[in-house]
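Student: Show me how the following folds:
(2 chains, ligands or ions: 1)
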Amino acid sequence: MLSGTAALPSELWAEIAALGWTGVAVPEQYGGSDIGFEALCLLCEEVGRTLAPIPFLSSSMAMQAILMAGAPDEQDRWLATLADGSSIGTLAIFERSGDPAPDAISARVIDSRLDGVKIAVPDGTAADLAIVAAKQADDEIGLFVVALDHPSVSRRSMANIDGMRPQAELRFSATPCARLTGGVDGWNGVEALLAKAAVLTAFEQIGGAQACLDMACDYAVKRMAFGRAIGSFQAIKHKLARLFIAIELARSNASYGAWAATQSDRGQLLEAAACARISASEAFEQSATENIQTHGGIGYTWESDCHLFHRRAKLLAVNLGSTGYWSRVLADLVIPASDREANHGF
Amino acid sequence: MDFEDTATEAAFRAEVRHFLEANATRRQAGQAESEQLDVQASRAWQARKAQAGLAGILIPTEFGGRGGLPIEQVIYDQEEAQFRTPPGRLFMITFGMCIPTMIEFARPEDGKRHARAAIQGDEVWCQLFSEPAGGSDLAALRTRAERQGDEWIVNGQKIWTSYAHHSDYGLLLARTDFDAPKHGGLTAFFVDMKSPGIEVRPIKQIDGSSHFNEVFLTDVVIPDTQRLGAVGDGWKVALFTLMNERVAVGRVDGPDFAMLVAGLRDVERDGRPALAHPTVRDWLARSYVLSAGQQHTMSRVVTALSKGRQPGPEASVLKLVGARQLIDTAATMLDFMGPAGAISDVDERSDGYFQDLFLRATGERIAGGTEEIMLNVLAERVLKLPGDMRADKGIPFRTIGTQAAAGGRP
Ligand SMILES: Cc1cc2nc3c(=O)[nH]c(=O)nc-3n(C[C@H](O)[C@H](O)[C@H](O)COP(=O)(O)OP(=O)(O)OC[C@H]3O[C@@H](n4cnc5c(N)ncnc54)[C@H](O)[C@@H]3O)c2cc1C
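Tutor: Predicted structure coming up:
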């Protein structure tokens, strides 16, 4: 499994689909159960907690993209099979090293044909369709739906630090594609999509962080040293209490993000998503690292689960842009450009 | 979680806002809150709130309060924070700790009398807990109360007692049995601060001001009717008080985001405005994330309260994060100001707020339970990790060592 190229464990996926997880945030008219975005967030948390090797986040992000940027007929066309889990979607945005930026997109669509290379595409080998960010003839960025089984698409699985969350390189040459024309366009649209993805990811990160803290606490009461449980040493206790605090703050920010994602204010969503992402990335990375440390030597082994979280934490912390990128996004939103606007904030 | 008021909450918020608009002026964004404590103004403000039925929100109506919900207290505090009012600090200990303890443990007639007086602004209370020998280890306190008929004679010394010099009454924890194990020999009382034998001496604090005191008690007579709880049950009473304290100090008062921005507006870095510098912007954004985390954690507390549930450990999370952030914020703001950061002159260029905060903030990690003690509490109560090793369990208080073992540092 831990190869980065693993095939999809289709039994688990089928079970998840049968439970209706894949369609919770999709309206009934498009084949979902319309329970809502917050329910989707909680499922992401569960996936994060269990490290479930399924393309849940990828496919959910694709559905969110279609819901956000698609016109009604496009939603009608693409959502049903994603919502019932019979097909898998993903986002293909990034092309090279460095944080997200409009200049970093060179994929191009001319006459509904896509050319370009996308890297680090989550679940890119298993996915049936991708939402691709690409430039049009006029250099305007748009979001395009691409069926990945077309012969003009070549896919290569990329080894990654996670090993259980496959990523791929996708090469498109004159690949047929359909633009999402629901009115959300340009880099603004990509940013809003990344913001929703960041909120979902934050819940997955919190699930992972909580799992690390639970593991560390379990171990700390069992492992004896110097005649007492290591959890009675303050260096351990305080470290774990600080993780608890980091996770609680992240949980609060993510909950606000989940709420903001259902409102119509773009600035509010970006701001909430940035706060959720920064605090959840940090909470998960710290929890994963300190979980290894709390376990001592056993934490450094292939055998223990500690490293699986350490790997996942880094993958999720970079996959939508680093915390530095989100810090810049947030700064641009909340630091007023002039005295006139000085009353923003807490 | 709820980020919007229910209809009744919104109506209460409107009532509060209406009162505040009529009785106070709105704070400008970026403007510092006054740190000056004007005792008369604070008492008068308390009386004005009482008239409007907005004082003692959490106190039951039979004790003269509003009998309101915790969520209403939170709403009131949120709204008042947007106005310039005399700082509520003078009454924080009164309502946060002392009056709830009185209502729970005093004779009903005493609870009623004092709750009403405090609500009207006529009584300020202090907490006579900490001693030179009992801070974090509060139960190690040595002030002695000896029974003589229907009275108790108290001798000893308290320290760090906030607002003792303004207080009419105090909540007192004393040792009534030196042979019982540490926690078992304590008894709680309330005491008239004008009693003969009480001497209050101000302590000059880190910033030169004096809000806390030493309190010396010499043959102070306390009627047995002023005992709170049973003899030997003082620790139970203290835990009740401290539980309320943790909630009361949960919110740390500090500069809001607009004040950070305002404080950096005229600062330069690397030849450009600090507000345009990536390092400064990154720090501001991260500060915003921390504040947002606390604000939304507060929403979680409020949601729990508004659904009638007890909030979880969020309140201690808020204190731990807020106190640390306050210190880091002050220190970083001075760094950004460069050499001028050390100048605390108040002039047209600076109001000295962050220089003042730099000193004042250090107390937040100590008051109301130190950071280390609160981390211990989180680790033990929430994460269920084992308690520390201790050398004082189950033995008579008299025999517990008070000197550091030989062989330590000279
Ligand atoms: C501004 C301010 C206002 C206050 N107001 C009041 C008041 O109104 N009434 C009142 O009764 N008290 C008041 N206090 C006192 C306050 O509660 C105590 O200062 C506090 O509990 C710490 O006790 P201490 O000062 O004796 O420090 P100590 O207990 O001696 O602590 C010294 C250091 O040792 C650490 N330490 C102690 N025990 C442990 C442990 N088990 N594990 C790890 N580290 C440990 C502490 O965290 C601290 O860093 C006030 C304090 C301040 C700063």
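
Student: center of chain A, which residue is that?
Tutor: Against the mean C-alpha coordinate of chain A, by C-alpha atoms, centre = their mean, the closest residue is residue A:201 at 3.8 Å.

Student: What separation do you get for it and residue A:100?
Tutor: 14 Å (C-beta to C-beta, to the nearest Å). C-beta coordinates here come from the backbone N, C-alpha and C atoms, glycine included.

Student: Find residues that contact each of these two.
Tutor: Between them, residue A:201 and residue A:100 have residue A:320 as joint contacts when contacts are counted by C-beta atoms under 8 Å, 6 or more residues apart in numbering or on different chains.

Student: returning to that earlier point: by contact count, what packs against the helix or strand hosting the residue nearest to the centre of chain A?
Tutor: Secondary structure from DSSP states H and E places residue A:201 in helix A:186-222. In terms of contacts (3 or more C-beta pairs under 8 Å, 6 or more residues apart in numbering or on different chains; DSSP states H and E), helix A:186-222 is packed against helix A:37-50, helix A:56-69, strand A:141-147, strand A:228-229, helix A:234-260, helix A:266-295, helix A:306-318.

Student: would JSON lines of the ones you listed with mean neighbour count and mean pLDDT be doable?
Tutor: Shown next, in JSON lines, are the helices and strands packed on helix A:186-222 (neighbours: other C-beta atoms under 10 Å in any protein chain shown; pLDDT from 0 to 100):
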{"stretch": "helix A:37-50", "mean neighbour count": "21", "mean pLDDT": "97"}
{"stretch": "helix A:56-69", "mean neighbour count": "26", "mean pLDDT": "97"}
{"stretch": "strand A:141-147", "mean neighbour count": "21", "mean pLDDT": "97"}
{"stretch": "strand A:228-229", "mean neighbour count": "14", "mean pLDDT": "96"}
{"stretch": "helix A:234-260", "mean neighbour count": "24", "mean pLDDT": "97"}
{"stretch": "helix A:266-295", "mean neighbour count": "25", "mean pLDDT": "97"}
{"stretch": "helix A:306-318", "mean neighbour count": "21", "mean pLDDT": "97"}
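
Student: Kindly reformat these as JSON lines containing distance to residue B:341.
Tutor: Output for these, formatted as JSON lines (distance: least, C-beta to C-beta, whole Å):
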{"stretch": "helix A:37-50", "distance to residue B:341": "42"}
{"stretch": "helix A:56-69", "distance to residue B:341": "45"}
{"stretch": "strand A:141-147", "distance to residue B:341": "44"}
{"stretch": "strand A:228-229", "distance to residue B:341": "45"}
{"stretch": "helix A:234-260", "distance to residue B:341": "28"}
{"stretch": "helix A:266-295", "distance to residue B:341": "26"}
{"stretch": "helix A:306-318", "distance to residue B:341": "33"}
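
Student: Nearest to the ligand, out of the ones you listed?
Tutor: Of all the helices and strands packed on helix A:186-222, it is helix A:234-260 that lies closest to the ligand, at 5.9 Å by C-beta to the nearest ligand atom.

Student: quick one: the closest one near chain B?
Tutor: Yes. For helix A:234-260, a contact with chain B is found by C-beta under 8 Å from any C-beta of the partner chain, at A:234, A:236-238, A:240-242, A:244-245, A:248-250, A:252-253, A:255-256, A:259.

Student: Pull the number of nearby residues for the closest residue to residue A:230 other than its chain neighbours.
Tutor: Spatial nearest neighbour of residue A:230, chain neighbours left out: residue A:223 (4.9 Å); criterion: C-beta to C-beta, 6 or more residues apart in numbering or on different chains. Residue A:223 has 15 neighbours, counted by other C-beta atoms under 10 Å in any protein chain shown.

Student: Enumerate every residue touching residue A:223.
Tutor: A:229, A:230, A:231, A:296.

Student: Show me which of these is closest to chain B.
Tutor: Comparing the contacts of residue A:223 against chain B with C-beta to the nearest C-beta places residue A:231 closest, at 4.0 Å.

Student: Find the nearest non-adjacent residue to that closest one, please.
Tutor: The shortest distance from residue A:231 to any non-neighbouring residue, by C-beta to C-beta, 6+ apart, is to residue A:220 (3.2 Å).

Student: I'd like to know how many residues surround that neighbour.
Tutor: Residue A:220: 24 neighbours (other C-beta under 10 Å).

Student: Over to residue B:22?
Tutor: 8.

Student: now the helix or strand containing it: mean pLDDT?
Tutor: Residue B:22 belongs to helix B:7-23 when assigned by DSSP H and E. Here helix B:7-23 scores 95 as its mean pLDDT.

Student: And the closest residue in space to residue A:315 that isn't next to it in sequence, how close does it get to the ligand?
Tutor: Beyond its immediate neighbours in the sequence, the residue positioned closest to residue A:315 (C-beta to C-beta, 6+ apart) is residue A:162, lying 4.3 Å away. Distance check for residue A:162 against the ligand: by C-beta to the nearest ligand atom, to the nearest Å, it reads 38 Å.

Student: pretty sure residue A:162 is in a helix, no?
Tutor: No. Counting by DSSP: H, G, I helix; E, B strand; the rest coil, one finds residue A:162 to be coil, located in no helix.

Student: Need the CA coordinates for the helix or strand of chain B with the lowest mean pLDDT. PDB is fine.
Tutor: Lowest on mean pLDDT, DSSP states H and E among the helices and strands of chain B sits helix B:234-248, with a mean of 81. Included here for helix B:234-248 are C-alpha records, laid out as PDB according to Å, rounded to 0.1, in the frame of the first residue of the first chain:
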ATOM      1  CA  GLY B 234     -12.100  24.900  52.800                       C
ATOM      2  CA  TRP B 235     -10.500  23.200  49.800                       C
ATOM      3  CA  LYS B 236     -13.900  22.300  48.400                       C
ATOM      4  CA  VAL B 237     -14.900  25.900  48.600                       C
ATOM      5  CA  ALA B 238     -11.600  27.000  47.100                       C
ATOM      6  CA  LEU B 239     -12.000  24.700  44.200                       C
ATOM      7  CA  PHE B 240     -15.500  26.100  43.600                       C
ATOM      8  CA  THR B 241     -14.000  29.600  43.600                       C
ATOM      9  CA  LEU B 242     -11.100  28.700  41.400                       C
ATOM     10  CA  MET B 243     -13.300  27.000  38.900                       C
ATOM     11  CA  ASN B 244     -15.200  30.200  38.500                       C
ATOM     12  CA  GLU B 245     -11.900  32.100  38.400                       C
ATOM     13  CA  ARG B 246     -10.700  30.000  35.400                       C
ATOM     14  CA  VAL B 247     -13.900  31.000  33.500                       C
ATOM     15  CA  ALA B 248     -13.700  34.600  34.600                       C
END
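
Student: Is any residue of it near chain A?
Tutor: No. Helix B:234-248 is not in contact with chain A by C-beta under 8 Å from any C-beta; minimum separation 14.4 Å.

Student: Can you tell me which of the helices and strands packed on helix A:186-222 is nearest to residue B:393?
Tutor: strand A:228-229 (14.4 Å; C-beta to C-beta).

Student: residues making contact with the closest one?
Tutor: By C-beta under 8 Å, 6+ apart, strand A:228-229 touches A:220, A:221, A:222, A:223, B:385, B:386, B:389.

Student: Provide the strand pairings for that strand, with the direction of each partner.
Tutor: Strand pairing for strand A:228-229, determined by DSSP bridges: strand A:224-225 (antiparallel).

Student: So for the strand it pairs with, mean pLDDT?
Tutor: Strand A:224-225 comes out at a mean pLDDT of 97.

Student: which residue packs closest to residue B:23, ignoring adjacent ones?
Tutor: residue B:48 (6.0 Å).

Student: okay but that neighbour is in contact with residue B:20, surely?
Tutor: No. Using C-beta atoms under 8 Å, residue B:48 makes no contact with residue B:20, being 10.6 Å away.

Student: Neighbour count for these two, which is higher?
Tutor: residue B:20 (20 against 17).

Student: Got phi/psi on residue B:130?
Tutor: Dihedral pair for residue B:130: phi -60, psi 150, per degrees, to the nearest 10.
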